[in-house]
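1. Predicted structure and sequence below. I'll ask about it afterward.
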Amino acid sequence: MSGRIGLTPLSAIGTLQAQALPLQLLNAYLDPAWGLQLQRADLGLKAQVSASQQAGGAWQATLDGDLRVGPLALLQARVVDGQRVVGEDLLSWQALQLDGLKLALAPGAPPRLDVRDALLEDAYARLIVNEQGRLNLRDIGPAEAASAAAAAPAASAPQPVFAVERIRVNRGLVDFNDRFVKPNYSARLSELQGSLGAFSSTSAVMAPLTVRGKVAGTGLLEIDGQLKPGAPLALDVQANASDIELAPLSGYAGRYAGYAIERGKLSARLNYKVEPGGQLVASNQIILNQLTFGERVDSPDATTLPVRFAVELLKDGNGIIDINLPVSGSLSDPDFSVGGLVWKLVLNLVGKALTSPFSLFSGSDSAEEAQIPFAPASAELAAGEQLERIARLLADKPGVQLTLTGWADSETEVPALREQRLAAALKAENAGTPEAALKRLYAATKLPNKPRNVVGLAKDLPPAQMRGLLMASYAVDDEALRQLAIARAVAVRDALLAHGAPNARVFLAAPKLCNGGCASDWRPHVELSLAAH
């Protein structure tokens, strides 16, 4: 037997109204692999609905009205002995109110959603980093391979079109708990109030964004700027967070810096701009007030860089560290990580305390900042502002001490020292002319190698030869060079003290002699070295 069954297209128009409709029954339809349990969800809806079935069996429908979801409570399973056990709050809110909701479905066209006003009240979210360092949001859903396979056909489906005129958040709360560090770290973003202006998936215009709240009860959070949600993401926002207590972050400091934090406060001024193409340009101004490290923490993940020394070099006279860490890159690059780059910049900054401490101290990358030059055989300081600036910096950084090491060299300075002694001796002769003074000095000086005539009298010699014999007679040993080096360091110390440097934190080191072993461009100097006080 054969035949054909004909279907008549259906259509309906009417008003749909529901108040406090419980949706807990939907919990039975949640895939257990997602690890979620809908503990409570109420639905309220008042809308005009129009639906008609087309000849091919597809539906065309519109919905126009108001929707309320809430109270809502969603739990997340936690893993115990390899098994998922429901136990922790993940997401909840008192009400999600969507006014002016319009939904349109048509065959061959992408779904379209419009919302005039969205209001989220008394929302709560929990973020957890578990003992293995994994964020709880990553545990939502089936295995990654299965998720990728399921997402493949969805990628070819038409993307929904949406437009929202305004989104508001009242009394939001986010709990963050990191169980990966010891001791555990917990923080709360509370009293969150904010709004996002009009945006749509079909327009590149960004929506004005404003968020206010508190961090850990006392810190203030302010976010302002513009944002375009969806893909591609575009944003230009400024975020300020102030007076966040650092002591609760001691677990992170112990693990990665090797020291606990005794006290201090953190403020941050962030500016992030993302172009539609995914290019990010960001600045991270970090302000640490009275950061004080405590006891040493034995951690295999701690850096070996001199963290405490770097902190003291960066502090100003008021105990404040103010640094800017710029970041740029492409969000489309899978290897690009904002957090990773910021951490690298921090480590590079701390590393300067080891490789170039004076540049971190003075803010100058010039190697000459750590040296005070002198003329050969001289301990006279040249005029300049270098020592005045160093004295001011030292007074402004109470956790830093300065050591002065004078240097001298026999190869380059002994001739100059002999020339200096000859000049002093000639001046003492008080003769009429330089040549007369030289002759008198030569005649009066007992030299074992004076050229003599046949009768044993000293010969008359040209001035240059007399000078050479006289200079060679002046003994300059290592002790004389050490005294010269010490005199240089003393001259630098006295100048620093005269400019207001604290005497208790300026030290003289033992003098150093080059004795021909220095580089070809070596010059007489006093070396400045820094250490934590």
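-> All right, it came through fine.
2. Which residue ranges of this protein form helices?
-> 144-155, 250-252, 307-314, 338-355, 357-362, 386-396, 410-429, 434-444, 463-472, 478-498 (DSSP state H).
3. could I get those as TSV with mean pLDDT and mean neighbour count?
-> C-beta: built from backbone N, CA, C; applies to glycine. Putting these into TSV (pLDDT from 0 to 100; neighbours: other CB atoms under 10 Å) gives the following:
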stretch	mean pLDDT	mean neighbour count
helix 144-155	48	10
helix 250-252	90	18
helix 307-314	92	22
helix 338-355	85	15
helix 357-362	85	21
helix 386-396	92	18
helix 410-429	87	16
helix 434-444	87	15
helix 463-472	88	15
helix 478-498	95	18
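4. Among the ones you listed, which comes closest to Ser267?
-> Ser267 sits nearest to helix 307-314 of all the helices of the chain, at 14.9 Å, using CB to CB.
5. what helices or strands is the closest one leaning on?
-> strand 279-296, strand 320-330, helix 338-355, helix 357-362, strand 525-532 (3 or more CB pairs under 8 Å, 6 or more residues apart in numbering; DSSP states H and E).
6. possible to save those as CSV with distance to Ala231?
-> Shown next, in CSV, are the helices and strands packed on helix 307-314 (distance: least, CB to CB, whole Å):
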stretch, distance to Ala231
strand 279-296, 15
strand 320-330, 15
helix 338-355, 18
helix 357-362, 42
strand 525-532, 49
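7. Out of those, flag the one nearest Ala444.
-> Taking those one by one with CB to CB, strand 525-532 is closest: 37.0 Å.
8. Just the CA trace of that closest one, in CSV.
-> Only the C-alpha atoms of strand 525-532 are listed here, as CSV (Å, rounded to 0.1, in the frame of the first residue of the first chain):
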residue,chain,number,x,y,z
HIS,A,525,87.2,57.3,39.4
VAL,A,526,85.3,56.4,42.5
GLU,A,527,82.9,53.5,42.1
LEU,A,528,79.4,53.8,43.7
SER,A,529,77.7,50.6,44.8
LEU,A,530,74.4,50.1,46.5
ALA,A,531,73.0,47.6,49.0
ALA,A,532,69.8,47.2,51.1
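9. buried ones in stretch 201-212?
-> 201, 206-207, 209, 211 (16 or more other CB atoms under 10 Å).
10. Give me the distance between it and the centre of its chain.
-> From the chain centre to the centre of stretch 201-212 is a distance of 27 Å (CA atoms, centre = their mean, to the nearest Å).
11. Stretch 437-445 now?
-> 70 Å.
12. just checking, what's the longest strand in this protein?
-> strand 59-80 (DSSP state E).
13. partners of that strand, with directions?
-> strand 36-53 (antiparallel), strand 83-93 (antiparallel), strand 95-105 (antiparallel) (DSSP bridges).
14. any idea of the mean pLDDT for the last one?
-> What strand 95-105 shows for mean pLDDT is 95.
15. Please identify the buried residues of it?
-> Neighbour-count burial for strand 95-105 [16+ other CB under 10 Å]: 95-98, 100-105.
16. Point out where the stretch 51-200 of the chain drops to low pLDDT.
-> 78-86, 141-157 (pLDDT under 70).
17. let's see 90
-> Applying pLDDT under 90 to the stretch 51-200 of the chain flags the ranges 51-60, 70, 74-89, 106-109, 127-160, 176-187.
18. Without its sequence neighbours, what residue ends up closest to Pro111?
-> Excluding its sequence neighbours, the residue lying closest to Pro111 (CB to CB, 6 or more residues apart in numbering) is Pro160, at 4.5 Å.
19. list the contacts for that neighbour?
-> Counting by CB atoms under 8 Å, 6 or more residues apart in numbering, Pro160 touches 110-113, 201.
20. Tell me the backbone dihedrals of it, please.
-> The phi/psi pair for Pro160 (degrees, to the nearest 10) reads phi -60, psi 150.
21. For the residue of the chain lying at maximal distance from its centre, give its distance to Pro373.
-> Ranked by distance from the centre of the chain (CA atoms, centre = their mean), the top residue is Val455, with 85.3 Å. As judged by CB to CB, to the nearest Å, Val455 and Pro373 stand 52 Å apart.
22. one step back: Phe336 is nearest to which of the strands paired with strand 59-80?
-> strand 83-93 (28.5 Å).
23. Model confidence score at Arg263, please.
-> For Arg263, the model assigns a pLDDT of 94.
24. My read is that it contacts Phe293, right?
-> No - Arg263 is beyond contact range of Phe293, at 9.7 Å (criterion: CB atoms under 8 Å).
25. more neighbours, those two?
-> Phe293 (21 against 14; other CB atoms under 10 Å).
26. wait, isn't the more buried one in contact with Val307?
-> Yes - here Phe293 reaches Val307: they are 7.4 Å apart, a contact under CB under 8 Å.
27. okay, and the common contacts of those two?
-> Shared contacts of Phe293 and Val307 (CB under 8 Å, 6+ apart): 257, 259.
28. Check which residues of stretch 185-192 are buried.
-> Those would be 185, 187, 189-190, 192, for stretch 185-192 by 16+ other CB under 10 Å.
29. Where do the domain boundaries of the protein fall?
-> 11-141+159-165, 181-193+203-355, 366-450+457-533 (automatic domain parsing).
30. Could you dump those domains into TSV and include distance to Val174?
-> Rendered in TSV, the data for the domains of the chain read as follows (distance: least, CB to CB, whole Å):
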stretch	distance to Val174
domain 11-141+159-165	5
domain 181-193+203-355	4
domain 366-450+457-533	36
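31. Gly172: which of the ones you listed is closest?
-> The nearest among the domains of the chain, by CB to CB, is domain 181-193+203-355 at 3.1 Å.
32. Just the endpoints, please. Distance across that closest one?
-> 30 Å (CA to CA, to the nearest Å).
33. go on, stretch 195-207?
-> End-to-end distance (CA to CA), stretch 195-207: 10 Å.
34. chain center to it: distance?
-> Computed by CA atoms, centre = their mean, the chain-centroid distance of stretch 195-207 equals 31 Å.
35. contact partners of it?
-> Here stretch 195-207 has contacts from 159-169, 208-210, 226-230, 234-236, 276, using CB under 8 Å, 6+ apart.
36. Which ones among those residues map onto strands?
-> Those of the contacts of stretch 195-207 lying in strands (DSSP E): 161-164, 167-169, 208-210, 226-228, 234-236.
37. Show me just the buried residues among those.
-> 162-164, 167, 169, 209, 226-228, 234-236.
38. picking that back up, to Ser328, which of the strands paired with strand 59-80 lies closest?
-> strand 83-93 (33.6 Å).
39. What is the burial count for Pro71?
-> 16.
40. so what's it closest to, chain neighbours aside?
-> Gln94 (5.4 Å).
41. what about that neighbour, distance to Leu119?
-> From Gln94 over to Leu119 (counting by CB to CB), the distance is 11 Å.
42. returning to what we had before: and which of the buried ones among the ones in strands among the contacts of stretch 195-207 is nearest Glu411?
-> For those, with Glu411 as the reference and CB to CB as the criterion, the closest is Asp236, at 61.6 Å.
43. And the closest one, how far from Val400?
-> Distance from Asp236 to Val400, by CB to CB: 39 Å.
44. and the nearest residue to Ala109 once chain neighbours are set aside, what does it touch?
-> Spatial nearest neighbour of Ala109, chain neighbours left out: Pro158 (7.3 Å); criterion: CB to CB, 6+ apart. Shown in contact with Pro158 (CB under 8 Å, 6+ apart): 109-111.
45. and Val181, how many residues sit next to it?
-> 20.
46. That one: what's its closest spatial neighbour, skipping adjacent residues?
-> Gly251 (3.8 Å).
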